[in-house]
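>>> The sequence and its predicted three-dimensional model are supplied below.
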Amino acid sequence: MGSRASTLLREEEIEEIKKETGFSHSQITRLYSRFTSLDKGENGTLSREDFQRIPELAINPLGDRIINAFFPEGEDQVNFRGFMRTLAHFRPIEDNEKNKNAAASEPLNSRTNKLLFAFRLYDLDRDDKISRDELLQVLRMMVGVNISDEQLGSIADRTIQEADTNGDNSISFNEFIKVLEKVDVEQKMSIRFLH
Amino acid sequence: MSRVQVLFCVCVCVCVCVCVCRLPSLYPPNPCPILSQSLRPLLSQHGCRMAAVWTFSLLLSPCLLWPSCLALTPPAELPQPHNLPPLLGINSSDGSLSVDLPRALRVFSMDYHHVQAPFEIVLWIMLASLAKLGFHWSGRVPAVVPESCLLIMVGLLVGGVIYGVRHSAPPTLSADAFFLFLLPPIVLDAGYFLPGRLFFENLGTILWYAVLGTLWNVLGIGLSLYGVCLLAQSSLGDVSLLHCLLFGSLIAAVDPVAVLSVFQEMHVNEQLHILVFGESLLNDAVTVVLYKLFESFLRLPSVSGLDVLLGGCRVVVVGLGGLFVGLFFGLVAALTSRFTSRAQVIAPLFVFLYSYLSYLTSEMLHLSGIMAIVTCAVTMKQYVEANVSERSNTSIQYFLKMWSSVSETLIFIFLGVSTIQDVHMWSWPFVCSTLLLCLIWRATGVLLLTAVVNKLRRNAVTFRDQFIIAYGGLRGAICFSLVFLIDDFPKKRLFITTTIVVILFTVFVQGMTIKPLVELLDVKRKKRALPTVSEEIHSRLIDHLLAGIEDVVGYWGQHYWKDKLVSLVLFYPQLVFPFSVHAHKKWYLKPPVGGSKHRMKKITQSGLTIMSTSYCNAVLDPRSHSRPLLPEEMDSIRRILSRNLQNFNNKVNTQLQQRLYVDICLVEGSL
């Protein structure tokens, strides 16, 4: 299995992924073997069912949305590059990257991009705004069955009230960033991938 | 006049003090106008009253002491034969049975020796507890002086009283009593309530500090002290290198009891707390082994390199051995707890018995008892909490807290009492250099080790944290007991005196100043400010997101093995079938059909608080969508969120139990 994985992934691909995501060589090969172990159909792409087969993900309250985040707009299969592109958001921000101000494009694991990923979990219709209904949906998923709709509505109202600065009764991405400025997002949204 | 009478009197006096202190609250007017007028600018009304009453009672207590002691003195000729039952027979010099016949029937007699041992023990515990009680009632003192300091002072007072009355040294803390009876409850309590996730996340750093840091301290202090002894050849010439190393090994140890008592009152961030506390727990393996090693070296005619190598192996064996003993007993306890459903009352007993057994077993095998008991507690906690009833869980927690509290109080009081010794050997260079060296070596050790470990950690240990780690290295009763265990040699008294000085210095000076220093350095405290509702919700979202991504990636970093175990429990229950209750396994696999009330209780005890529908409706009224919310509604929202946002550590359980709850509601609703 290990040897098959490394022969299927070409060096040029590894280099490209490295450049795009910032993962190291060994991390990429390791994640590739994870990719192939999830890929039961052995066709080089993952479908939603492959993700749903992960047992812990099935009981995660946001499981479906997380799975959706891997799939590009409207597609049902994700290849390894897409897989890595999504995971790149969760790479820890390293010190030498913090100082790179003159980067051509912002790296995938910057604070803004991490927050954008979280924002998109709420914002299903991609209109760059978290409406009250979208917020309610996510809240209901996280909170469970014990709270009545009215209480949940009050909580959602309060959340929007705290964030909303332009009075449109929804949370835009900038408002979202502002509300989370005290939270250490770089640390919370990072996984230490083993080398 | 015997010890017990003194103790009894002291207890009576403390009782009186406590009661008298509370008396002013019944009578509003100021009992001592003169005192209050002079001190009025300085003290508040209440504080002034308290001060007046304390001085009054302290002056009163010796006056009470004398008459009560005299009253309690038994008649000089205690007729021993009267008090023994005739069946036992009496040994007289010629071996024949001879009983002094009473001249008249005694209506009232006292037989103290019959109850001596338990009576004295109870009196000591009573004194400790009353002192603790008095401490908490004494107004603003707890804010400034940590509890350990006050208890030592009470101990000093009692020791002084005993010494003054009997003109001989008061009872000292015997090493056996300390290690076998006083230390295990505290360590068990610490292990049972250890924040598991935080501990394992920082385990590498903690081990780094515990093993390497202690080694650094021991060798540093030992060798430097030897240097000092060589320099002060005249007074300290007969202290050999091995003795210095032995002393270094016992004085370098950071004590979990002292650390706990001081850090509990300070609210530093959790990471710092777990680093210092974890280090103090784990360095026991290194300390005790080094101590025993140097002690056995002292007894050997000569020490070779092979012995040193073997000593190194021994450290590993002791540490790992303790770990395995603890694991074994923890699993056996988990297994036993599965069967306690029919005799729920004794379920807590098993927790204590197995933990204590693990401690005693590892002490018997000369392994690390502290490691064993901590491992045992951590292992069995998960299973025991699931298997035993809610009441048993509460009992376990309460008893643990109570026993560890009593132990800790007793330890500090005895530390104070034992300070009053007959003979103290004092040597300015030795004592002062020990104090200085302890501080210096700990500071440099922490700095160096942190420099290395920061490269490997994600959250660096900041300079301020390092200062607190170095400064928070308090020594306590473990050093004290170990120093008494040293084989007798001419300078043993000096070692004892120095140890006492170091302990008192660290507990008093460092213990009292650490809080202002923390505030001064503005160490990142536990976030006191409540997070906003948005922050809570979004943080929770991010937590779930990260959990999901980690599941996709396929490992959890430090949590990999723990969560693999969790998934094993849930999805392959037959693997852990022996350890968890049978009903627990069936319980989440299919919805309940009856006995829903019992299962409701089971659910609540696992961490998800079910809010009854009545409470739901009472908390918030339906509101319109656009109205801003009032502060009391904010509070209720916070309460709802904190109870109901999926608890992250129990995420797997709660989700399944949620579905179960829905089924229960449906079942109940249909009834």
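That came in fine, so what should we check first?
>>> number of nearby residues for B:Gly554?
When counting by other Cβ atoms under 10 Å in any protein chain shown, one arrives at 15 neighbours for B:Gly554. The C-beta positions use only the backbone N, C-alpha and C, and glycine is treated the same way.
>>> Now do the SS call for the closest residue to it other than its chain neighbours.
Setting aside the residues directly before and after it, B:Gly554 is nearest to A:Arg34 in space (Cβ to Cβ, 6 or more residues apart in numbering or on different chains), at 4.6 Å. Assigned with DSSP: H, G, I helix; E, B strand; the rest coil, A:Arg34 falls in the helix class.
>>> I'd assumed B:Glu550 was in contact with A:Arg34.
No - checked against Cβ atoms under 8 Å, the pair A:Arg34 and B:Glu550 is beyond contact range at 11.5 Å.
>>> mind listing the strands for chain B?
Counting by DSSP state E, chain B yields no residue ranges for strands.
>>> Where does the record place the domain boundaries for it?
Per the TED database, the structural domains of chain B span B:175-521, B:533-669.
>>> Same check on chain A?
A:10-88, A:106-188.
>>> Can I get those in TSV including mean pLDDT?
Converted to TSV, the domains of chain A look like this (pLDDT from 0 to 100):
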stretch	mean pLDDT
domain A:10-88	85
domain A:106-188	85
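>>> and of the ones you listed, who's closest to B:Thr506?
domain A:106-188 (33.7 Å; Cβ to Cβ).
>>> how many other residues sit next to the residue nearest to B:Gly554?
Counted with other Cβ under 10 Å, the neighbours of A:Arg34 add up to 17.
>>> how much space is there between it and B:Leu331?
According to Cβ to Cβ, to the nearest Å, A:Arg34 and B:Leu331 sit 32 Å apart.
>>> And for residue 142, the neighbour number?
With no chain named, the answer covers chain A. Around A:Met142 there are 18 residues (other Cβ under 10 Å).
>>> My question was about chain B, not that one.
14.
>>> separation between it and chain A?
Distance, B:Pro142 to chain A, using Cβ to the nearest Cβ, to the nearest Å: 32 Å.
>>> residues in contact with that residue?
B:Pro142 is in contact with B:135-136, B:265, counting by Cβ atoms under 8 Å, 6 or more residues apart in numbering or on different chains.
>>> same thing but at 7 Å, please
The contact partners of B:Pro142, by Cβ atoms under 7 Å, 6 or more residues apart in numbering or on different chains, come to B:135-136.
>>> One more: A:Val78?
A:45-46, A:70-71.
>>> again, only using 10 Å
By Cβ atoms under 10 Å, 6 or more residues apart in numbering or on different chains, the contact set of A:Val78 is A:35, A:45-48, A:50-51, A:67, A:70-72, A:84-86.
>>> I'd like to know how far the residue lying farthest from the centre of chain A sits from B:Trp124.
Relative to the centre of chain A, the most outlying C-alpha is that of A:Glu150, 30.1 Å out, by Cα atoms, centre = their mean. Applying Cβ to Cβ, the value for A:Glu150 to B:Trp124 is 59 Å.
>>> Next, name the residue at the spatial heart of chain A.
Nearest residue to the geometric centre of chain A (Cα atoms, centre = their mean): A:Phe117, 4.8 Å.
>>> and it, what element?
Assigned by DSSP states H and E, A:Phe117 belongs to helix A:111-122.
>>> Does at least one residue of that helix sit close to chain B?
Yes - Helix A:111-122 reaches chain B (Cβ under 10 Å from any Cβ of the partner chain) through A:114-115, A:117-119, A:121-122.
>>> Show me which of the residues you listed is closest to B:His538.
B:His538 lies nearest to A:Ala118 out of the residues of helix A:111-122 next to chain B, by Cβ to Cβ, at 7.0 Å.
>>> Name the nearest residue to the closest one, ignoring sequence neighbours.
Spatial nearest neighbour of A:Ala118, chain neighbours left out: B:Ile542 (5.7 Å); criterion: Cβ to Cβ, 6+ apart.
>>> Who are the contact partners of that neighbour?
A:114-115, A:117-118, A:121, A:180, A:183, A:185, A:188-189.
>>> The same query, at a cut-off of 6 Å, please.
Shown in contact with B:Ile542 (Cβ atoms under 6 Å, 6 or more residues apart in numbering or on different chains): A:118, A:188-189.
>>> who wins for most neighbours among those residues?
A:Met189 (25 neighbours).
>>> Tell me how far that one lies from chain B.
According to Cβ to the nearest Cβ, A:Met189 stands 6 Å off from chain B.
>>> That residue against A:Leu115, yeah?
No - using Cβ atoms under 6 Å, A:Met189 makes no contact with A:Leu115, being 8.1 Å away.
>>> And for residue 148, the neighbour number?
Going with chain A. Residues near A:Ser148, counting by other Cβ under 10 Å, number 16.
>>> try again with chain B
By other Cβ under 10 Å, 25 other residues sit near B:Ser148.
>>> And for the one 10 residues further on?
Each residue near B:Val158 was counted by other Cβ under 10 Å, and the total is 25.
>>> Have a look at chain B and report its longest helix.
Ranked by residue count, the top helix of chain B under DSSP state H comes out as helix B:305-337.
>>> Report the buried residues of it.
Burial within helix B:305-337, assessed by neighbour count using 16 or more other Cβ atoms under 10 Å in any protein chain shown, is assigned to B:311, B:314-315, B:317-319, B:321-323, B:325-334, B:336-337.
>>> Could you dump the domains of chain A into CSV and include distance to B:Asn393?
Below are the domains of chain A laid out as CSV (distance: least, Cβ to Cβ, whole Å):
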stretch, distance to B:Asn393
domain A:10-88, 25
domain A:106-188, 22
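>>> between these, which one is nearest to B:Tyr354?
If you check each of the domains of chain A against B:Tyr354 by Cβ to Cβ, domain A:10-88 wins as the nearest, at 31.6 Å.
>>> Quick one: residues contacting the closest residue in space to A:Asn60 that isn't next to it in sequence.
Spatial nearest neighbour of A:Asn60, chain neighbours left out: B:Gly548 (4.7 Å); criterion: Cβ to Cβ, 6+ apart. B:Gly548 makes contact with A:57, A:60, A:66, according to Cβ under 6 Å, 6+ apart.
>>> Format these as a markdown table; extra columns: neighbour count and secondary structure.
Output for the contacts of B:Gly548, formatted as a markdown table (neighbours: other Cβ atoms under 10 Å in any protein chain shown; DSSP: H, G, I helix; E, B strand; the rest coil):
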| residue | neighbour count | secondary structure |
| --- | --- | --- |
| A:Leu57 | 20 | helix |
| A:Asn60 | 23 | coil |
| A:Ile66 | 23 | helix |
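>>> Out of those residues, which is nearest to chain B?
Nearest to chain B, judged by Cβ to the nearest Cβ, of the contacts of B:Gly548 is A:Ile66 at 3.9 Å.
>>> Now do the contacts for the closest one.
Contact analysis of A:Ile66 by Cβ under 6 Å, 6+ apart lists B:Gly548.
>>> what does the stretch 401-550 of chain B have sitting close to chain A?
Applying Cβ under 6 Å from any Cβ of the partner chain, we find that the stretch 401-550 of chain B lies next to chain A at B:532-535, B:537-540, B:542, B:544, B:548-550.
>>> Among the residues you listed, name the ones in helices.
Counting by DSSP H, those contribute B:533-535, B:537-540, B:542, B:544, B:548-550 to helices.
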